[in-house]
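A.B. asks: here is a sequence with its predicted model. Questions after.
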Amino acid sequence: MNIIVIVSDTMRWDHLGCYGNDWIRTPNIDGLARESVVFDRAYAASFPTVPNRKDVFTGRYTFTYTGWSPLEKEAVVFAPLVRQAGYVTMLVVDTPHIMRDGFYFDRGFDGWLWIRGQEGERYSTDPVEVRFPCAPEKLRNPQRTVVQYMRNTSQWRGEADHFCAQTMTAAANWLERNHTHEKFLLYVDTFDPHEPWDPPKWYVNLYDPGYEGEEVYYPVYGRWKDFMTEAELRHARALYAGEVTLVDRWIGVLLRRVEELGLMENTAIIFTTDHGFYHGEHGLIGKSIITPKVSGQAALYEEVAHIPLMIRLPDSKGGERCQALVQSPDLMPTVLELAGARTPETVQGRSLVPLVREEKPAWREIAVTSPSIVGGPVSGQRITVTSDEWALIYPGQIGEALKARPPRQRVRARLGEAPTVERLQELLGKIEPELFHLSKDPRQAKNLFDERKDIAKELHSGLVRFLEGLGTEEGVLRFWRRLE
């Protein structure tokens, strides 16, 4: 069968109707969900954007040995393996980070198309003067990223100029020209609804009509009350919701082209994201801590770690829900099995095809979500371990890591020659083990770590076995072996 993979960056699972949202309009993705198996317990593995794509392309939990860096030349990726199985492979992308500066994610595709100019990509040098949508101190990297973005988008004249619109249109047009190939793989990667959030005004008015204040559309990552009002936060949520609806509308254009070309009967469609975003939950806006003074990691709660995932097979019953704990590294072996390609020994994920076909195989007991742990927990890194009912957020041995690692690997701030855990927490906020009973406390409001250390120890033991099973180097694993 043909295979289409759609990745929409920073798409919160609970902002889609098919996952229970009742205030954001997503009719096209919801329609796809009705024809798909929807995974209710899908979780990111490596975090954030580039590490996630490494997981997807290699089928591995790459946070254990690498981070935000180019795709390794020796990495075994899915595109050439699918091509060896007789497929024509195409990449259509506007997510800049996996294409620019030699990151090499186009490897193995027969063709690729990069829609230029997203976020702060070096693209346009004019207009020389730009006007910020709010006070620049409320924006992340205003003089670099935001100015560059405003220059890159200065020539837009309508909705069709937005990046997700360009990307989905390009993918639809490729299908029109290439659907007669015997079989094809089309991988589509759009950066929206990642910020900057600048959908057409009428999309925003769906969710916060009449607003006349500043638009914080590329916010500083951190404690929102430090620089935003409640009205600005509410409007930021509306900006994001407008982006979600915009993405849904243009994914609908691609899906309609699939239908118009008669491809639904022989095409598998996968939809997912890399992670979510905080819109005030846990006192945060963003997905990490990036302020003018400090840059580090935040805890990965459900709003970020939990992701949407749905798979539509032409010969499977749609509208089904799956409760298995599945993760991003599972996508590569899934694509390989659908293509009839060999699965290499390097793969650590598992094909989801048996779950889609309701074969009910034995499955993993925990899902593990984490930023890179290669340098140790020196920048606020915490590993999130999720089971059927519980979530453990585990910071490792921070003090030991701070003493062991050179300054360049510590949190990007002035910690001094002998940094302390106290100084790190002063900059990033409190860092401690947290345990939540998800079935009773889905918003993760009550930390039960001290009350249920038996559960915490069980999850931690599972994490250590998991990391050992992946072959994690002891120099990395040593900071995560003890639960304190």
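C.D. replies: Perfect, I can see it now.
A.B. asks: in stretch 276-294, what counts as buried?
C.D. replies: 276-282, 284-291, 294 (16 or more other CB atoms under 10 Å). All C-beta spots, glycine's among them, are computed from the backbone N, C-alpha and C.
A.B. asks: gap between that stretch and the chain center?
C.D. replies: Put simply, stretch 276-294 sits 15 Å off its chain's centre (CA atoms, centre = their mean, to the nearest Å).
A.B. asks: show me what contacts the residue most central in space within the chain?
C.D. replies: For the chain, the residue sitting closest to the mean C-alpha position, by CA atoms, centre = their mean, is residue 274 at 1.7 Å. By CB atoms under 8 Å, 6 or more residues apart in numbering, residue 274 lies in contact with 7, 9-10, 44, 47-49, 52-53, 307, 328.
A.B. asks: so which of those residues is the closest to residue 88?
C.D. replies: residue 7 (19.4 Å; CB to CB).
A.B. asks: tell me how many other residues crowd that closest one.
C.D. replies: Using other CB atoms under 10 Å, residue 7 is surrounded by 23 other residues.
A.B. asks: show me the chain divided up by domain.
C.D. replies: Annotated domains of the chain cover 2-356, 367-477 [automatic domain parsing].
A.B. asks: same list (the ones you listed) but as CSV, adding distance to residue 484 and mean pLDDT.
C.D. replies: Shown next, in CSV, are the domains of the chain (distance: least, CB to CB, whole Å; pLDDT from 0 to 100):
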stretch, distance to residue 484, mean pLDDT
domain 2-356, 16, 97
domain 367-477, 7, 90
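A.B. asks: please identify the deepest-packed of these.
C.D. replies: Mean neighbours per residue, mean count of other CB atoms under 10 Å, is largest over the domains of the chain for domain 2-356, with a mean of 20.
A.B. asks: ends of it, how far apart?
C.D. replies: In terms of CA to CA, to the nearest Å, the two terminal residues of domain 2-356 are separated by 16 Å.
A.B. asks: coming back round to it: can you lay out the domains of the chain as JSON lines showing distance to residue 483?
C.D. replies: Listed next are the domains of the chain as JSON lines, based on distance: least, CB to CB, whole Å:
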{"stretch": "domain 2-356", "distance to residue 483": "16"}
{"stretch": "domain 367-477", "distance to residue 483": "4"}
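A.B. asks: tell me which two in the buried residues of stretch 276-294 are the farthest apart.
C.D. replies: 276 and 294 (22.2 Å).
A.B. asks: so who does the nearest residue to residue 83 once chain neighbours are set aside touch?
C.D. replies: Counting by CB to CB, 6 or more residues apart in numbering, residue 83 lies nearest to residue 89, which is 5.1 Å off, once chain neighbours are set aside. Residue 89 sits next to 79, 82-83, 108-111, 184-185, 187 when contact means CB under 8 Å, 6+ apart.
A.B. asks: show me the strands in the stretch 151-300 of the chain, by range?
C.D. replies: Ranges of strands in the stretch 151-300 of the chain, per DSSP state E, counting those that start in this stretch, are 184-190, 221-223, 267-272, 278-279, 284-290, 295-296.
A.B. asks: in its sheet, what does the fourth one sit against?
C.D. replies: For strand 278-279, the paired strands and their directions (DSSP bridges) are strand 284-290 (antiparallel).
A.B. asks: may I have the strand it pairs with exported as CSV, CA atoms only?
C.D. replies: Output of strand 284-290 as CSV, limited to C-alpha atoms (Å, rounded to 0.1, in the frame of the first residue of the first chain):
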residue,chain,number,x,y,z
LEU,A,284,4.4,27.9,32.7
ILE,A,285,4.1,29.0,29.1
GLY,A,286,6.4,27.2,26.6
LYS,A,287,7.8,23.8,26.9
SER,A,288,11.1,24.6,28.7
ILE,A,289,12.8,27.6,30.3
ILE,A,290,14.2,30.2,27.9
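A.B. asks: state which helix of the protein is the longest.
C.D. replies: Secondary structure of the chain per DSSP state H: the longest helix is helix 230-260.
A.B. asks: and that helix, what does it pack onto?
C.D. replies: Here helix 230-260 touches strand 2-8, helix 27-34, helix 163-178, helix 201-205, strand 267-272, strand 278-279, going by 3 or more CB pairs under 8 Å, 6 or more residues apart in numbering; DSSP states H and E.
A.B. asks: which residue packs closest to residue 102, ignoring adjacent ones?
C.D. replies: Using CB to CB, 6+ apart, the closest residue to residue 102 is residue 70 (5.6 Å).
A.B. asks: oh, that last question was meant for residue 115, not what I typed.
C.D. replies: Nearest residue to residue 115 in three dimensions, chain neighbours excluded: residue 94, at 3.8 Å (CB to CB, 6+ apart).
A.B. asks: returning to what we had before: which of the contacts of residue 89 fall in helices?
C.D. replies: Of these, the ones assigned to helices by DSSP H are 79, 82-83.
A.B. asks: for residue 122, state which of those is nearest.
C.D. replies: Residue 122 has its nearest neighbour among the ones in helices among the contacts of residue 89 in residue 79, at 25.8 Å by CB to CB.
A.B. asks: I'd assumed residue 108 was in contact with that closest one.
C.D. replies: Yes. Between residue 79 and residue 108 there is a contact at 3.3 Å, judged by CB atoms under 8 Å.
A.B. asks: residue ranges of the strands in the stretch 1-150 of the chain, please?
C.D. replies: Going by DSSP E, counting those that start in this stretch, the stretch 1-150 of the chain shows strands at 2-8, 37-39, 42-43, 46-47, 88-93, 111-114.
A.B. asks: quick one: the strands in the stretch 301-450 of the chain, in order.
C.D. replies: Going by DSSP E, counting those that start in this stretch, the stretch 301-450 of the chain shows strands at 306-307, 309-312, 320-322, 326-327, 367-371, 383-386, 390-394, 434-437.
A.B. asks: from the contact counts, what lies against the last one?
C.D. replies: Looking back up the chat, that one is strand 434-437. If you count contacts as 3+ CB pairs under 8 Å, 6+ apart, strand 434-437 packs onto strand 390-394, helix 453-469.
A.B. asks: can you tell which of those is closest to residue 16?
C.D. replies: Nearest to residue 16, of all those, is strand 390-394, at 20.8 Å by CB to CB.
A.B. asks: what's the angle from that closest one to helix 453-469?
C.D. replies: On the basis of axes from the mean of the first three to the mean of the last three CA atoms, to 10 degrees, strand 390-394 is oriented at 70 degrees to helix 453-469.
A.B. asks: quickly run through the sheet partners of strand 390-394, with directions.
C.D. replies: As defined by DSSP bridges, the strand partners of strand 390-394 come to strand 383-386 (antiparallel), strand 434-437 (antiparallel).
A.B. asks: wait, residue 444 sits on residue 392?
C.D. replies: No. Using CB under 8 Å, residue 444 makes no contact with residue 392, being 11.2 Å away.
A.B. asks: anything in contact with each of the two?
C.D. replies: Residues touching both residue 444 and residue 392 (CB under 8 Å, 6+ apart): residue 434.
A.B. asks: so who does residue 132 touch?
C.D. replies: Residues in contact with residue 132 (CB under 8 Å, 6+ apart) are 139, 142, 146.
A.B. asks: same check, this time on residue 114
C.D. replies: Counting by CB under 8 Å, 6+ apart, residue 114 makes contact with 93-94, 99.
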